[in-house]
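**Student:** how would this look folded up:
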Amino acid sequence: MKTKRFWLRTAILALMVAAIGYTIYANFFTEKTSVKIGDEAPDFVLTDLNGNKHRLSDYRGKGVFLNFWGTWCKPCEKEMPYMNKQYEVYKKKGVEVLAVNVGESELSVKKFVERFGLTFPVVIDKQDQVMNAYDIGPLPTTFLIDKNGKIVDIITGTMTESMVQQYMERIQP
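**Tutor:** Presented below is the predicted three-dimensional model:
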């Protein structure tokens, strides 16, 4: 009995040491890439609340206001009406808004969209793959993408309506 317990404890200890070793290696010795201004925006495909697929590369030729947000995020809630209002002006000028919700339920996102009457595409990043590809930290985070798919600017934090307007003006093709 003591021998079995010894080997079980030894195996558990070995697994823990291996897990800790891998974590240290992954965090300190592997190269992490983060998206920077001037880089090409990583392509992705996400589905909106109506079941339509949105591929970022399909928006080439237009400016893209790519916003990462959450329903629980008060700054996100504050800037959504500004984004919606400016979208109504700039969509005619070749600027698209794509709002990426970070992994919440479809029901909570749908209620949020209805409450604010949002007219731009809202997609849900269910497995956080796009969020990870863009190395998103705090919410809200917005990427300004030009007509060629290049990242022009990265904005973190709340935007005022005049800021949203200025940013959309910058990516207008």
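**Student:** domain assignment for this structure?
**Tutor:** Domains of the chain are assigned by automatic domain parsing as 1-30, 45-171.
**Student:** roughly how far out does the last one sit from the chain middle?
**Tutor:** Right, the one you point to is domain 45-171. Computed by CA atoms, centre = their mean, to the nearest Å, the separation of domain 45-171 from the middle of its chain amounts to 8 Å.
**Student:** okay, how far is it across it, tip to tip?
**Tutor:** 21 Å (CA to CA, to the nearest Å).
**Student:** quick revisit: and the domains of the chain, which one averages the lowest pLDDT?
**Tutor:** Mean pLDDT values for the domains of the chain show the minimum at domain 1-30, a mean of 74.
**Student:** following the helix or strand containing residue 5, which helix or strand shows up next?
**Tutor:** According to DSSP states H and E, residue 5 maps onto helix 2-28. The helix or strand immediately downstream of helix 2-28 is strand 45-47, counting by DSSP H and E.
**Student:** Which among the domains of the chain is found nearest to residue 37?
**Tutor:** Set against residue 37 and scored by CB to CB, these come closest in domain 45-171, at 5.5 Å. The C-beta positions use only the backbone N, C-alpha and C, and glycine is treated the same way.
**Student:** Can you get me a residue count around the closest residue to residue 138 other than its chain neighbours?
**Tutor:** Nearest non-adjacent residue to residue 138, counting by CB to CB, 6 or more residues apart in numbering: residue 156, 5.6 Å away. Here the number of neighbours of residue 156 (other CB atoms under 10 Å) works out to 14.
**Student:** Who are the contact partners of residue 153?
**Tutor:** Residue 153 sits next to 37, 143, 144, 167, 170 when contact means CB atoms under 8 Å, 6 or more residues apart in numbering.
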